[in-house]
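Colleague: Give me a model of this one.
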Amino acid sequence: MNLILASSSPRRRELFDQLDLPYEARPPDGVDESTVSGTAYSVCQERARLKAEWVLSQCDTGADNVVVGCDTIVAIVRGGQERTLGKPENESAARKMLRTLSGSVHRVASGIAIARSGAPTRVAVEVSHVTFRQLTNDAIEAYVRTGDPLDKAGAYGIQTRGHDLVASIRGCYLNIVGLPVMLMCEMLGAGTSFRCPCADHQLQTCASGCELGGARGEQADD
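Modeller: Model (predicted):
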């Protein structure tokens with residue numbers, strides 16, 4: 001099969017590179033993510049599906065193409081209402097997001113979609129939980145000035161300098177980075193020696209890491 005990652009994210013490509021699986025990356029340029037609304041759980045599923053199916057539609061129909069789409073959303077519940085946090089438009093928006101996350105627990109939901117010609121698109125979701133430290137204004141300002149928050153959902157990257165903002169995690173670490181690798185491999189039926197480092201991560205509070213620490217659900221489109 002021809003394995004294709006429907007993404008322009010350098011972080012997702014870096015993770016894919018560790019799997020020793022031949023693949024190519026194609027950006028899902030024809031997808032308008034702003035048209036999708038709903039809960040974080042439903043939105044990440046639909047966006048992942050749209051990305052995978054759009055890239056598949058651009059492929060050679062005579063080849064056995066398998067396309068992986070992924071979408072990650074940060075969500076926090078306040079006053080019984082869910083608020084989703086995308087990528088900040090500027091430094092001011094990044095500061096506001098970080099103040100919102102400060103001292104709180106939020107969810108990171110990633111939808112994974114597998115699209116293949118002649119078969120229903122399969123979609124699943126991995127959910128991890130992240131607890132932020134209580135952040136001072138100085139800590140927020142110092143982090144924003146690095147420029148790191150500006151291309152990341154929720155205005156932080158746990159794999160970069162945003163690591164220092166996090167008190168603990170529960171569930172898949174790589175899901176928080178932006179690609180739940182083990183879930184994706186299970187869906188692909190791909191054998192790999194790669195193992196998610198989350199169970200041994202210093203911030204992890206679930207001994208089994210992504211094996212049992214996250215929440216998963218899968219569906220197939222007819």
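Colleague: Specify the residue positioned farthest from the middle of this protein.
Modeller: When distances are taken from the C-alpha mean of the chain, residue 62 lies farthest, 30.6 Å away, according to C-alpha atoms, centre = their mean.
Colleague: Show me what the helix ranked longest in the chain packs onto, helices and strands only.
Modeller: Across the chain, the longest stretch assigned as helix under DSSP state H is helix 40-57. When contacts are defined as 3 or more C-beta pairs under 8 Å, 6 or more residues apart in numbering; DSSP states H and E, helix 40-57 sits against strand 2-6, strand 65-78, strand 81-85, strand 105-116, strand 122-132. Every C-beta, even on glycine, is put in place using the N, C-alpha and C of the backbone.
Colleague: Out of those strands, flag the one nearest residue 193.
Modeller: When the helices and strands packed on helix 40-57 are compared by C-beta to C-beta, strand 2-6 sits nearest residue 193, at 17.0 Å.
Colleague: which secondary structure elements does that closest one contact?
Modeller: Packed against strand 2-6 by the contact rule (3+ C-beta pairs under 8 Å, 6+ apart) you find helix 10-17, strand 24-25, helix 40-57, strand 65-78.
Colleague: Out of the ones you listed, the one nearest residue 90 is which?
Modeller: With C-beta to C-beta, the closest approach to residue 90 among these belongs to strand 65-78: 17.4 Å.
Colleague: List the buried residues of that closest one.
Modeller: Along strand 65-78, these residues count as buried under the neighbour rule (16 or more other C-beta atoms under 10 Å): 65-76.
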